[in-house]
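Novice: A predicted structure for the sequence below; I have some questions about it.
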Amino acid sequence: MSAPARTFTVRNIQLLRALFAAASALMITFSSDHSAAVGFAVFGGFVAASGFIFLLGAWLAVPAGSRWPLILLGVIDLLTAIVSGVPTWRTDAVFFVVVIIWAAATGLVELIAGLRARRTDPAAKDAITVGALGLLLAVVLLIIPAGYSLQYSVDGAGALTLTGIILAVGMVGGYTAIVAVFLAIAGFSPNRSDAKDAETKDAETDDATSASVESGGAP
C-alpha cells in the first residue's frame, strides 16, 4: 500500500523561499538607504520567514528520518532573526559578523545535506547549489573591509561615498535575488519522479492500445 501523497511538498518549500527571497531583493534594490539598520531590517525579516518555512516543511513535507537539515536551518534562521532584531546591535561591524556566520552556517548545512542525499533525492542538487551560494556570500563579505570608504563624484549628483556596509547590504540583495530566481525555477520545474510516472503511464497506454489492436478490439 503506497503512502498518502503530501499536500505540502519540497517544491512548496522552494517556492515559498523564492517568494521571500525575491521580496527581500526588491526591498534592498529599491531602497536608497543601504545602512546597517535597513540591512538588518530586511535581512531579519528574510531569515525569520525562511526559518518558519523550514520548520513547517520539516513537519509537513519530509519523512521523520530526513528532517534534520530543515530543522537545523530553521533554528539557525530564527536565532539569526532574533539577533538581527536587537536595536543596539544594528551596527556595520555586527552586520558583517551576523551575515557571514549565518551564510557560512546555512550554506554548509545545505551543502552537506545535498551531498548526502544526491543519489536518492532529486532536490538534492538544488540544496547543493543554494548551499554553495551561501558559502560564496560568506567569502565575499569576508573580503569586503567593514570600514571601507571611497569618496567619488558623479555629474549632477555631487560628492558621494561608497562604504563597506553599502557593499555588504548590496551583496545580500544580490544573493537573495539569485536564490529567488534559482528556487523559483526549481520549484516550477517538473519533478523527475513525475516525469518517470508519466513515461510509465504512456508506455502502459501504448501497450494496452497495441494489445487491443492485435486482438481486434475484443475485451
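Specialist: Thanks, I have the structure now.
Novice: show me where this structure has helices.
Specialist: 10-29, 36-60, 68-84, 92-117, 124-143, 164-188, 192-214 (DSSP state H).
Novice: take those helices and write them to a markdown table, including mean neighbour count, distance to residue 158 and mean pLDDT.
Specialist: Any C-beta I mention is one placed from the backbone N, CA and C, and that applies to glycine too. Output for the helices of the chain, formatted as a markdown table (neighbours: other Cβ atoms under 10 Å; distance: least, Cβ to Cβ, whole Å; pLDDT from 0 to 100):
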| stretch | mean neighbour count | distance to residue 158 | mean pLDDT |
| --- | --- | --- | --- |
| helix 10-29 | 20 | 23 | 95 |
| helix 36-60 | 21 | 22 | 96 |
| helix 68-84 | 19 | 33 | 97 |
| helix 92-117 | 19 | 23 | 96 |
| helix 124-143 | 18 | 29 | 96 |
| helix 164-188 | 20 | 17 | 96 |
| helix 192-214 | 10 | 55 | 44 |
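Novice: and the ones you listed: which comes nearest residue 150?
Specialist: Taking Cβ to Cβ as the measure, those were each checked against residue 150, and helix 164-188 came out nearest at 9.5 Å.
Novice: quickly list the domain ranges of the chain.
Specialist: For the chain, the domain assignment from automatic domain parsing gives the residue ranges 10-188, 191-219.
Novice: what sits closest to residue 22 if chain neighbours are left out?
Specialist: Excluding its sequence neighbours, the residue lying closest to residue 22 (Cβ to Cβ, 6 or more residues apart in numbering) is residue 180, at 3.8 Å.
Novice: what do you get for residue 37?
Specialist: Ranked by Cβ to Cβ, 6+ apart and with sequence neighbours excluded, the top spatial neighbour of residue 37 is residue 90, at 4.8 Å.
Novice: got phi/psi on that neighbour?
Specialist: Comment: the main-chain dihedrals of residue 90 come out as phi -80, psi 70, following degrees, to the nearest 10.
Novice: what residues are up against it?
Specialist: When contacts are counted by Cβ atoms under 8 Å, 6 or more residues apart in numbering, residue 90 is found next to 36, 37, 40, 84.
Novice: where's it relative to residue 164, distance?
Specialist: Relative to residue 164, residue 90 is positioned 15 Å away (criterion: Cβ to Cβ, to the nearest Å).
Novice: who are the contact partners of residue 95?
Specialist: 36, 39, 40, 43, 165, 168, 169.
Novice: can I assume the second one is in contact with residue 166?
Specialist: No. The pair residue 39 and residue 166 does not pass the contact test of Cβ atoms under 8 Å, sitting 9.1 Å apart.
Novice: stretch 172-191: how far from the chain's middle?
Specialist: For stretch 172-191, the distance from its own C-alpha centre to the chain's C-alpha centre is 7 Å (Cα atoms, centre = their mean, to the nearest Å).
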